[in-house]
Structure formats: structure tokens, C-alpha cells
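Structure for the following, please:
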Amino acid sequence: MSRVFAAIDRIDSQWLTTWVLSAMVATLVLATVVSAAVSPLDERTKTTLFDLQFSGLHPWLTDRPEAGSMAGALLRRWKTAGVIDDARTAQGIDFAFPIAYGFFFLGLAAALWRAQPDYPRGARWVWGIGLGALAALLDEGENAFLWFMLARPDQDPGRIVPALATALAIGKYAVLAAVVLILVLALRRARA
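Residues are numbered from 1 along each chain as shown. Model prediction:
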């Protein structure tokens, strides 16, 4: 991993700035596009892909195992409302979203590391912002499980696939929360 960071550190400052700004724009554009693609789900069923992400919590929250999975009920609801294709479209777009924000966080980590008063020594904790790339990997795994469920809306996905998607989503959000905290600390340190 240190080779990756060393390679990123050799990037010219102008290219690094271009990288960070391009990835930030791509992240914002993709977030807007995913939001627009998922809006029919919200309008017709008052649910979103977020509900499918966390449908894996249901097996532990219910005492009725014969009722089927929450994910299966959600997929049937979307199919009945005619929005399953909209969900697939939004999920397909969501495969690109983690790539954009993963690159954004890696580039931002390199830029903030250079802005630290004790650069190039010390301040290695700034690379914690690069954990956004780990969140992106967890997000891609979650996306794969969600796609698996959306590809077979007539079949109940059971409990394992939704639970795995939920576990990855929880991990992703936990890592992103840590990244935001580290980002705030890094910005305070860079201004010092």
C-alpha cells in the first residue's frame, strides 16, 4: 500500500488538483443522476434503494420466518408498481458512484498530506482520508449483492444475500463516518 501512496505523491500538483476536482464533479453528478433515477421508486412506492440496502436487517428484527424476506417483499412491491426497471437503472448507475468518490478521497488525501506543515514527514494519519477508497470497495460489494437481487425480482433472495448487502452497507457508512472525522481533523491541521 505504501507503493500506491508513493506513486500518488509523485503526481504533479496541477494533475493532482485536476484529479481531485474531476473526481469531485463526477461524484456530485453521479449522486444527482442516481437520485433522479431512483425518484420513480420514491414517487410510486415511497421506498428507495436505501430500503433494499438495509433489508438484510429484517431477519433479525422479525419473529416470523415464514413471512419471507423483507427484500423479497420490496422487490415484489417494485415489480407490481412497475418500477423494477427504474431500480435496475439506478443500481447500474450506482456502480460508477463508488469509483468516483473513491478516487476523490484518494486524491484529497494526497492533496491534504502535501498541505500539512510537516510534509513530507509525519502527518501520515491524513491518509486515513484515503479510507474513502475502502468504503468504495465495500460499496461495490454491496452493489453486486443488490444487483443480484434486482436481476431476479421474482425469486425471494432469502436471508443471506440481503444480510451480506446490509453488512457491507453498514461497513461502508462506518468507514465514511470515520473519513469525515479524519477530514475535519486534517483540514484543521492544514490551516494551523
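
Where does the prediction get shaky in the protein?
For the chain, the stretches with pLDDT under 70 are 1-2, 4-5, 58-68, 116-126, 190-192.

do you know how far the residue minimising distance to the centre of it is from residue 102?
When CA atoms, centre = their mean is applied to the chain, the residue found nearest the centroid is residue 139 (4.1 Å). According to CB to CB, to the nearest Å, residue 139 stands 8 Å off from residue 102. All C-beta spots, glycine's among them, are computed from the backbone N, C-alpha and C.

how close does the residue lying closest to residue 38 once chain neighbours are set aside get to residue 110?
Using CB to CB, 6 or more residues apart in numbering and skipping residues adjacent in sequence, the residue nearest residue 38 is residue 90, 4.2 Å away. Counting by CB to CB, the gap from residue 90 to residue 110 is 31 Å.

Does the residue nearest to the centre of the chain touch residue 95 like I think?
No - the pair residue 139 and residue 95 does not pass the contact test of CB atoms under 8 Å, sitting 9.2 Å apart.

Can you check which residues contact both of the two?
Counting by CB atoms under 8 Å, 6 or more residues apart in numbering, no residue touches both residue 139 and residue 95.

Which strands and helices lie in contact with the host helix or strand of residue 34?
Using DSSP states H and E, the element containing residue 34 is helix 13-45. Judged by 3 or more CB pairs under 8 Å, 6 or more residues apart in numbering; DSSP states H and E, helix 13-45 is in contact with helix 70-81, helix 84-94, helix 97-115.

Excluding covalently adjacent residues, which one is nearest to residue 139?
residue 98 (3.8 Å).

Spit out the contact partners of the one you found.
For residue 98, the contact set (CB under 8 Å, 6+ apart) comprises 135, 136, 137, 139, 140, 143.

The same query, at a cut-off of 7 Å, please.
Applying CB atoms under 7 Å, 6 or more residues apart in numbering to residue 98 gives the contacts 136, 139, 140.

Quick check: the gap between the last one and residue 14.
Going back to what we said before, that points to residue 140. 29 Å.

Between the two, which is the more surrounded one?
More crowded of residue 140 and residue 14, by other CB atoms under 10 Å: residue 140, with 17 against 8.

what's the helix or strand for the more buried one?
Using DSSP H and E, residue 140 falls in helix 131-151.

That helix versus helix 97-115: what angle between them?
180 degrees (axes from the mean of the first three to the mean of the last three CA atoms, to 10 degrees).

Measure how far helix 131-151 is from the centre of its chain, please.
Put simply, helix 131-151 sits 7 Å off its chain's centre (CA atoms, centre = their mean, to the nearest Å).

just checking, next helix/strand downstream of that helix?
helix 160-191.

helices or strands up against that following helix?
Judged by 3 or more CB pairs under 7 Å, 6 or more residues apart in numbering; DSSP states H and E, helix 160-191 is in contact with helix 49-53, helix 97-115, helix 131-151.

Tally up the residues packed near residue 186, please.
Using other CB under 10 Å, residue 186 has 24 neighbouring residues.

That concludes my questions; thank you for your assistance.
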